[in-house]
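K.L.:
predicted model and sequence below, questions to follow.
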Amino acid sequence: MLKLAIIFLVAGLVLGALGFGGIGGAFVGIAKILFFIALALFVIFLVLGLIAGKKVKNAID
């Protein structure tokens, strides 16, 4: 998902530089949304991984 965000960001910057500001801005907006979704998923999975790791460690002891 982060790869898609980077692709949309680059496409938006290129379109903006070529004079297509409206569609370029839309692409940058999509890139922002994808980036924050990827960031939220990363935090959620990080917390779940830490919780599961503690449970596994306690089960081994």
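P.N.:
It's in. Numbers count the residues shown, from 1 in each chain.

K.L.:
how about stretch 50-59 as PDB, C-alpha atoms only?
P.N.:
Only the C-alpha atoms of stretch 50-59 are listed here, as PDB (Å, rounded to 0.1, in the frame of the first residue of the first chain):
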ATOM      1  CA  LEU A  50       3.700  -6.800  20.900                       C
ATOM      2  CA  ILE A  51       0.600  -8.200  22.700                       C
ATOM      3  CA  ALA A  52       0.900 -11.600  21.000                       C
ATOM      4  CA  GLY A  53       4.700 -11.700  21.700                       C
ATOM      5  CA  LYS A  54       4.000 -11.200  25.400                       C
ATOM      6  CA  LYS A  55       1.500 -13.900  25.500                       C
ATOM      7  CA  VAL A  56       3.800 -16.400  23.800                       C
ATOM      8  CA  LYS A  57       6.700 -15.400  26.200                       C
ATOM      9  CA  ASN A  58       4.400 -16.000  29.200                       C
ATOM     10  CA  ALA A  59       3.200 -19.300  27.800                       C
END
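
K.L.:
from the chain's centroid, how far away is it?
P.N.:
Distance, stretch centre to chain centre, for stretch 50-59: 27 Å (C-alpha atoms, centre = their mean, to the nearest Å).

K.L.:
going forward, begin numbering at 58 instead of 1
P.N.:
Right, with 58 as the first residue, what we last looked at is stretch 107-116.

K.L.:
report the contact partners of L72.
P.N.:
78, 80-81, 84 (C-beta atoms under 8 Å, 6 or more residues apart in numbering). C-beta coordinates here come from the backbone N, C-alpha and C atoms, glycine included.

K.L.:
for it, pull up the helix or strand it's in.
P.N.:
Assessed by DSSP states H and E, L72 sits inside helix 59-74.

K.L.:
repeat that for G76.
P.N.:
Secondary structure (DSSP H and E) places G76 outside all helices and strands.

K.L.:
give me the neighbour count for it.
P.N.:
7 (other C-beta atoms under 10 Å).

K.L.:
can you give me phi and psi for it?
P.N.:
Per-residue torsions, G76: phi 100, psi 0 (degrees, to the nearest 10).
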